[in-house]
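**Student:** Starting from these lines, generate the structure:
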Amino acid sequence: MTKQSHFPLFLGIDGGGTKCQVRLENDRGVLLAQAQSGPANIATSVTVAQQSILAATMQALQKANLPASALSTINAYAGLAGAGINSAKNKMAQWQHPFAQFNFSTDLHIACQGAHGNNSGAIIILGTGFCAGAIKGNTIIELGGHGLLLSDGASGGWIGLTLFRYALEVLDGMSPSSPLIKCLLTELGCDDSSSLTELALNAKPAYFASFAPLVFNMQDDPVAQTILAQAAKFITRYIEHLAQLGYQSITLMGGTAKTITPWLSSKAQGYLCDAQYSPEQGAIQLAKRHL
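**Tutor:** Here you go, the predicted model:
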């Protein structure tokens with residue numbers, strides 16, 4: 001659905017499992033505002049994702065001193081976690097949005113566009129979840145990103161979940177404790193496996209991801225070292241695979257990207273490069289392309 005506008009605005013949306021970030025620009029590419037709201041993974045909830053998109057957009061308009069009616073002048077493009085799932089993608093496509101124009105693809109697509117522009121390149125996103133992929137011309141390949149239950153090793157969710165698994169082994173008397181495990185259990189107020197299980201049994205990936213900083217903050221701990229070494233090995237497999245496919249420029253992105261990089265081998269780090277632009281800026285490039 002498209003509505004006409006005399007003064008078009010452009011909105012880049014990066015919708016992840018934990019947060020939705022937006023960037024608002026005018027038609028000359030001038031940044032007007034940036035804003036953030038809640039989760040926007042459409043595989044988890046299309047409704048919540050739509051609410052998060054609108055909440056962040058309204059915040060951005062307010063910051064830019066623009067009225068709510070300016071929604072109808074916005075050409076929006078969103079990169080959404082979960083957009084690789086057909087059922088979620090089809091449901092999202094039915095949205096009766098309030099924008100002048102709204103298009104979407106995966107969060108990986110906009111991140112790759114932002115990182116490498118129109119050049120050939122690959123990315124690995126290390127956020128609440130994990131995914132990897134590359135863009136070459138009009139061809140996009142996507143790897144991983146199947147959720148914490150099925151994949152997502154090295155993600156924030158995986159790091160936190162693995163920490164909980166080690167903690168349960170300690171509480172069951174199967175493994176020795178460590179300062180990291182003691183810190184986690186003190187923070188949670190748990191002193192037996194039953195109480196920890198009750199806390200985590202139905203937890204979402206974002207909950208486990210909230211404990212990833214604790215692991216990075218205590219990197220000298222033996223349990224932390226084991227977890228981070230496993231994460232680095234997982235990432236290295238993807239770097240090597242992307243390199244074999246011919247992608248020599250690979251960008252690590254997401255909340256744990258900088259902190260996990262030192263754990264990678266010098267050979268793996270040799271393929272890494274900085275992103276040219278943010279995912280939201282990549283989304284705006286795609287919004288202009290669709291216009």
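
**Student:** Phi, psi for residue 20 please.
**Tutor:** Backbone torsions of residue 20, given as degrees, to the nearest 10, read phi -120, psi 120.

**Student:** Now do the residue lying farthest from the centre of the chain against residue 192, distance only.
**Tutor:** Most distant residue from the mean C-alpha position of the chain: residue 173, 35.4 Å away (Cα atoms, centre = their mean). Look at residue 173 and residue 192: by Cβ to Cβ, to the nearest Å, they are 11 Å apart. Every residue, glycine included, has its C-beta placed from N, CA and C.

**Student:** Same check on residue 278?
**Tutor:** With Cβ to Cβ as the criterion, residue 278 and residue 192 are 44 Å apart.

**Student:** and if you look at residue 130?
**Tutor:** 31 Å.

**Student:** quick one on the thing from earlier: the more surrounded of residue 278 and residue 192?
**Tutor:** A count of neighbours by other Cβ atoms under 10 Å puts residue 278 above the other of residue 278 and residue 192, at 19 against 12.

**Student:** And the more buried one, how far from residue 149?
**Tutor:** 29 Å.

**Student:** Residue 55 now?
**Tutor:** Distance from residue 55 to residue 149, by Cβ to Cβ: 28 Å.

**Student:** Which one's more surrounded, those two?
**Tutor:** A direct count of neighbours by other Cβ under 10 Å for residue 55 and residue 149 places residue 55 higher, at 17 against 9.

**Student:** can you pull the buried residues of the host helix or strand of that one?
**Tutor:** Residue 55 is part of helix 46-63, with elements assigned from DSSP states H and E. Neighbour counts over helix 46-63 (16 or more other Cβ atoms under 10 Å) mark 46, 49-61 as buried.

**Student:** cool, and stretch 216-225?
**Tutor:** Under 16+ other Cβ under 10 Å, the buried positions of stretch 216-225 are 216, 218, 221, 223-225.

**Student:** which of those sit farthest apart?
**Tutor:** Across these, the longest distance by Cβ to Cβ is 12.6 Å; it joins 216 and 223.

**Student:** Quick check: residue 206 touching residue 38?
**Tutor:** No. Under the criterion of Cβ atoms under 8 Å, residue 206 is not in contact with residue 38, lying 9.8 Å apart.

**Student:** Looking at these two now, which is surrounded by more residues?
**Tutor:** Higher neighbour count among residue 206 and residue 38: residue 206, with 22 against 16, using other Cβ under 10 Å.

**Student:** picking up where we left off before, okay, the residue farthest from the centre of the chain: pLDDT?
**Tutor:** pLDDT, residue 173: 97.
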